[in-house]
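Visitor: below: sequence and its predicted model.
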Amino acid sequence: MGGGDKESDDSGGADGTTDGTDGTSPTGADGTDGTDGADGTDGTSGVDGAAVYADTCANCHGANGNDGYAADLTIRIPAMSDAEIETLVRNGRGYMPAHDFTADEMSGLLSYLRDTFN
């Protein structure tokens, strides 16, 4: 391996003959598939919490969490535990509907909420 090339590991694929999923260049490392943490995901669930928020929450809470008609998340999120947030999201309250997120979606969303509104 010369001139700054990545060294091969024993899993193969360093010669360019595989599809890049051999561990030397994980699928999604360029942020295109939202599964590896390199694209703003929480790094453990592989789900982009920002996308979950944009698709599900921003319609009511606004893109900034405080510019919609629903509760101001810049005030609410710091005052709540993760367990309280999860219970609220899963069960809903008042005008807020319940959401049946997978565990990975919830993990990604919680990470996004903490990183953005704490």
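Guide: Thanks, I have it.
Visitor: L113 sits in which helix or strand?
Guide: Taking DSSP states H and E as the definition, one finds L113 inside helix 103-117.
Visitor: buried ones in that helix, by neighbour count?
Guide: Residues of helix 103-117 classed as buried by neighbour count (16 or more other CB atoms under 10 Å): 104-113, 117. (Each C-beta comes from the backbone N, C-alpha and C, glycine too.)
Visitor: run through who's touching that helix.
Guide: Residues outside helix 103-117 that contact it (CB atoms under 8 Å, 6 or more residues apart in numbering) are 41-42, 44-50, 52-53, 57, 65, 73-74, 76-78, 82, 85-86, 89-90, 101.
Visitor: out of these, name the ones that lie in helices.
Guide: Among those, the ones falling in helices (DSSP state H) are 49-50, 52-53, 73-74, 76, 82, 85-86, 89-90.
Visitor: ok, these vs H61, which is closest?
Guide: L73 (5.3 Å; CB to CB).
Visitor: count of neighbours near R76?
Guide: 18 (other CB atoms under 10 Å).
Visitor: over to G49?
Guide: 24.
Visitor: which non-adjacent residue is nearest it?
Guide: Among residues not flanking G49 along the chain, Y112 sits closest, at 2.8 Å (CB to CB, 6 or more residues apart in numbering).
Visitor: quick check, pLDDT for that neighbour.
Guide: Y112 is assigned a pLDDT of 97 by the prediction.
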